[in-house]
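> what shape does this take:
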Amino acid sequence: MDEKLSNYFNSLRKFSNVFLNELMDNGNATNCELKLSQMKAFSAFKDDRPFLMKELASNCGAKISNMTTMVDKLIAEGFAERKRDGTDRRKVFVSLTPKGKKIRAQFLENRRKAAHAIFSKLGQTDKEELLHALDKVCTILEKSITSDRDH
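Down below sits the predicted model:
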């Protein structure tokens, strides 16, 4: 792999690790012990509706096989359930149970608190620079992805 590309990935990984460490150190957002894969799975449910497995995998950047494993674990804990589509039995939707919705809400609140804990320690200039840098990274990556699709 190109050395510069490897450095970019390492920087993204470091940023992610700083945030995840703060999230994990702050008690996981819930009174239960969520595993990292469960946090990732909960974050895939972007809103309060049933999702196809393909959508969930896309939402959290996972392979469908890995997402299936994550969802299986959520189901085993009583956090999610699968239901077949009434008109097309090939489609299987996954939704959070009331228990799962409660845990997800707690997780999202803790994630918000963790972000606040990190960013509240930054000065205004650092916040602006960080926001600008993250926006630039996203813009560049989106441009690259879009140009790949166009060719």
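> quick one, strands of the chain?
Here the chain has its strands, by DSSP state E, at 51-52, 80-84, 92-96.
> and those strands as a markdown table, adding distance to K136, mean pLDDT and mean neighbour count?
Heads up, the C-betas are built off the backbone N, CA and C, glycines and all. A markdown table is the format used below for the strands of the chain (distance: least, Cβ to Cβ, whole Å; pLDDT from 0 to 100; neighbours: other Cβ atoms under 10 Å):
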| stretch | distance to K136 | mean pLDDT | mean neighbour count |
| --- | --- | --- | --- |
| strand 51-52 | 30 | 94 | 18 |
| strand 80-84 | 36 | 94 | 15 |
| strand 92-96 | 34 | 94 | 18 |
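> can I get those in JSON lines with distance to M70?
Below are the strands of the chain laid out as JSON lines (distance: least, Cβ to Cβ, whole Å):
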{"stretch": "strand 51-52", "distance to M70": "12"}
{"stretch": "strand 80-84", "distance to M70": "9"}
{"stretch": "strand 92-96", "distance to M70": "10"}
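> wait, which of these is closest to G61?
strand 51-52 (14.5 Å; Cβ to Cβ).
> other SSEs contacting the closest one?
Contact partners of strand 51-52 among helices and strands, from 3 or more Cβ pairs under 8 Å, 6 or more residues apart in numbering; DSSP states H and E: strand 92-96.
> now for the strands of the chain, which one comes closest to E142?
E142 lies closest to strand 51-52 among these, at 22.6 Å (Cβ to Cβ).
> show me what the closest one pairs with in its sheet, parallel or antiparallel.
Next to strand 51-52 in the sheet, as set by DSSP bridges, lie strand 92-96 (antiparallel).
> longest single helix anywhere in this protein?
With secondary structure taken from DSSP state H, the chain has its longest helix at helix 124-150.
> so what does that helix touch, helix or strand wise?
Helix 124-150 packs on no helix or strand, going by 3+ Cβ pairs under 8 Å, 6+ apart.
> of the strands of the chain, give the one that comes closest to K121.
For these, proximity to K121 was assessed by Cβ to Cβ; strand 92-96 is nearest, at 32.7 Å.
> quick one: low-confidence parts of this structure?
Along the chain, the model assigns pLDDT under 70 to residues 1, 19-33, 147-151.
> please enumerate the helices of it.
Going by DSSP H, the chain shows helices at 3-25, 36-44, 53-60, 64-76, 98-119, 124-150.
> tell me the residue furthest from the middle of the chain?
In the chain, the residue that sits farthest from the middle, by Cα atoms, centre = their mean, is T87; the gap is 30.1 Å.
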